Structure formats: C-alpha cells, structure tokens
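>>> structure for this input, please:
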Amino acid sequence: MQAARGEVVRITTVSPRAVAVRVGRPDAPVLRRALGIGALGGVVAAGLALAAGAAGERLYVLLPAAHGGFPGWLRGPLAGIGLRLDASVVSGLLVVAFACYLVALACADRIPMRLAIGAIVALHAVVLLAPPLFSADVFSYIDYARLGAIHGLSPYAHGAADAPGDAVTRFVGWHEVASPYGPLFTAASYALAHLSVGVTLWIYKAIAALAGLSCVALVWSLAVRTGQEPRRAAMLVGLNPLFAVYGVGGAHNDLLMELLVLGAIASALREQRRSAGAQLVLAALTKASAGLVLPFMLAGAPRPGRALAGALAATVAVGLAALAIIGGHPFEFVPQLFAQQRLVAHFSVPNQLGVLLGQGGLTPSIRATCTAGVVLALAWLLWRTLRGHDWIAGAGWATLAALVTSAWLTPWYVVWLLPLAAISPSWRLRGATLAFCAYVLATRVLSHLL
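Presented below is the predicted three-dimensional model:
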C-alpha cells in the first residue's frame, strides 16, 4: 500500500521467537516456571500422601514404631483422612517426591521466591503432623531420658530391656543398645522425661520441624554470604525428601546437631571464632558426627587459637552440666559410638561393594580398605584447606567420604551433608551430594519392595 504524502512509515521486525510465542509455542522460561511450580506441588503432595498413609494404617515399612500398637496419640491429626497405602505405593511416592525435587532444583531460577518458601514450609508442616516416619529412633530418645530420670539407670550403660515395664519400651526398636548420643542432647532430654510418651513424642516432632526450618533459614543466609543463589540453596536442603520426610518426619536429633553446625559456620564467617568453636563442640556433644567439621574450620581460620578456646570452654561447661544431671562419666557415649560402627547396614556402600565382589557383603579387608581410604581422604582434604581452599567445601567432601565409607548408613544421615553442599562454592560437591542422595533413596525404595 502506498503511503500518503508526508506520512511517516515505521517498519518493525518481529523475531522468530516472538512469532513462535504468538502462535502458541510455549516460551522456554515460561515452561520452566510452570514445570518448577508443578514440581513444588508434586513434592508437597507426595509428602502429604506419605504422612496421611502413615496415620491411616499400621504399615511397618512406613511406621516401624507401630509394632508396639497404634494408639490414637501415635496416629496424629491426619488419621481422619483414612488413606491406606502399601509398600509399593510408598516406594512410588518416594520416587515421585525425589523426581519432583530434582525438577524443582533445575527450574529454581524461574520459581517465585514466595512459592519456593511456601512449599518448604508446607512440606515441613505435613511431615510434622505425621506419626514418626520410617524410624522408631525418637522413642529411643524418650527411653534413654526415662531410664536416667525415672529409673535411675545410666543411658550409657543400659537399654530399654533394663526397664521392660516402662510405657515407652514397647515402641523402642533397639532394646539392648545403650545411648550413642552426646551428653548435651541426653542431659537436655531429661527435661521431658516425666511427661507422657505421647506428649513427649509430639514435642520432639515439633522441635524437629522447627530445627529443619531453622536450618533452611540459615542455609539461605549463609548462601548469600558465600555467593551462592539462596533460593536454590534453600530448596536443595528443605525440599529434599531424605531431609524432610526421613529427617524431620522421623524427628531425628541430627537436625539439632546440624542447626548448631550451621550456627558455628555463621559465627566463623563473621569472624566470631570463639563462638564458632563453642557451637561446633555443642553440635558434636549432641551427635558426634559434627566433629568432622571442626578440624576444617580450624584449618581455614587465620587464628585458630580463639576457636580452640571456645571449644574447650564449651566442652568443660557441658561436661560439668552432664555430670550433675546424668551422673557418672559424662563422656561414656564414646564406647557406644565404636560399638555402633561394628554394625552393618545392608545397603551401605562398603557392604554392597562386598556383594558386587562376590564376597556376600562386608568383609574385614573391605572394612580396613574403607577405613584407610577415609583417613587418607581426610588428610588430603585438610592439606588442601591449609593451602587456602574453601574450608566449608573441605568439610562437605569429608562428610561425604565418611558417609560413603561407613558400614552403618541411614537415609537421614544426609542431613549432615546437604547444608554444607548448599552453601559451598563447589558445584562438584553439590552434584556428588545429589548422586549420593539418589543412591540412598534408590536402595531404601528397593528395601521397601523386598
């Protein structure tokens, strides 16, 4: 068409991408946003189904504590949904949750921040309302406190079998095993010993959920300080089914330990060395595995003497408090740690290595090789840290090496590793952590189906 005289003609070009969007082909960022939001919903929905299924039926795979009976106080508020699951459905839900988790991580940069935070909080809320999932360990916590505070027996020398008439004994999974937990956790647990078993259980559940969310909040804050994308870091931890469903859902004290570890890291990054050393010792005296982080923090500190002073002060303070509350030697839990390391989990990496080599499982030579391997790995990682490499990454790799070479492995142990990987500058550590999580979940799903 010919333009009129004096009329200005503007010719615009339209990109092929814009044309494609107009004719209906979805824009890649929009598609990733939709996939990410859908994946968030999938993780929460799978968690809700597992929580409601645990409350609705005595299924040992999902609720080992149910071997002691299934009273109303154990079922929790989700029992009214009336959902019934079997082992295959439980396994399928775990796979769906983990697959959605990976998709959400891949699309994290397109997911609105509020939706990501909301999904993490919702997942923690639904597993809080469930009975203790996939573990009866929380009843051991209750039992050890009652052994000491009510029956006058040291939890470091006695197990549930030594007080068979106690109300919690029938729910405990390990009757002959003394406590492997640190004196800080054990002494603090005495405060709940005289409450009913049901009330104590739900207090522990609430503590675990609050600790889990607090860990996620600290991961967000620390990711900002270490230059990581905080939304993805928080999702890496808070949406992980092993962290939320197994860790928070099972009310494990690993969450309290990791909260203290993250507090110590925050103090170290603020150059508050004494506080950092004290908090790491408090974490190790909650559960000893936190002690792996301490040498790396010291190796990365310009003045490690301050952290050592804080660590020593915390050790003395906890020792005196535990002596007054528990009585006897406050560090009697150490022999129990060595005893626990003699246990063998069928799907631990060393045991499966023995199976692959045709040995039928873990052998003394494989155990010795794994022990030597983790010692060499720790030495090499410490040497790298002393030469200026990131100490948080070093602690993360050391934790992963310890988990891979340990003969005793449970799914909630990834609570030790995930926050370190999330705030570390090492993308290789995050990749290795996700691969390890996939291995742990796959073996757990397989065990549910066998």
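
>>> quick check: phi and psi at residue 272.
The phi and psi values for residue 272, taken as degrees, to the nearest 10, are phi -100, psi 80.

>>> how near is it to residue 262?
Using Cβ to Cβ, to the nearest Å, residue 272 is found at 14 Å from residue 262. C-beta coordinates here come from the backbone N, C-alpha and C atoms, glycine included.

>>> let me know whether residue 235 touches residue 117 as I believe.
No. Look at residue 235 against residue 117 with Cβ atoms under 8 Å: they stay out of range, at 9.3 Å.

>>> who has more neighbours, these two?
Taking other Cβ atoms under 10 Å, residue 235 and residue 117 do not tie; residue 235 has more neighbours (29 against 18).

>>> poorly predicted segments of the chain, please.
The model of the chain has pLDDT under 70 over residues 1-26, 329-330.

>>> just the element for residue 441, please.
helix 427-449 (DSSP states H and E).

>>> count of residues packed around residue 114?
8.

>>> how about residues contacting the helix or strand where it lies?
Per DSSP H and E, residue 114 falls inside helix 113-128. Residues outside helix 113-128 that contact it (Cβ atoms under 8 Å, 6 or more residues apart in numbering) are 37, 40-41, 43-44, 47-48, 50-51, 78, 104, 108, 133, 205-206, 208-209, 212-213, 216, 231, 234-235, 238-239, 244-245, 248-249.

>>> tell me the buried residues within the residues you listed.
37, 40, 43-44, 47-48, 50-51, 78, 104, 108, 133, 205, 208-209, 212-213, 216, 231, 234-235, 238-239, 244-245, 248-249 (16 or more other Cβ atoms under 10 Å).

>>> those residues in strands, which ones?
Using DSSP state E to define strands, no part of these is located there.

>>> circling back to that earlier point, between residue 272 and residue 262, which one's more packed in?
Using other Cβ under 10 Å, the more surrounded residue of residue 272 and residue 262 is residue 262, with 26 against 17.

>>> separation between the more buried one and residue 123?
As judged by Cβ to Cβ, residue 262 and residue 123 stand 19 Å apart.

>>> so residue 423 sits right up against residue 391, yeah?
No. Taking contacts as Cβ under 8 Å, residue 423 lies outside contact range of residue 391: 11.6 Å.

>>> out of these two, which sits in the busier spot?
residue 423 (29 against 24).

>>> ok, the more buried one - contacts?
Residues near residue 423 by Cβ under 8 Å, 6+ apart: 219, 222, 223, 226, 228, 233, 265, 392.

>>> sec struct for the second one, please.
By that I understand residue 222. Following DSSP: H, G, I helix; E, B strand; the rest coil, we place residue 222 in the helix state.

>>> do the fifth one as well
Secondary structure for residue 228, judged by three-state DSSP, is coil.

>>> turn the contacts of residue 423 into a markdown table, columns for distance to residue 446.
What follows is those, written out as a markdown table (distance: Cβ to Cβ, whole Å):
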| residue | distance to residue 446 |
| --- | --- |
| 219 | 30 |
| 222 | 34 |
| 223 | 33 |
| 226 | 36 |
| 228 | 33 |
| 233 | 30 |
| 265 | 35 |
| 392 | 33 |
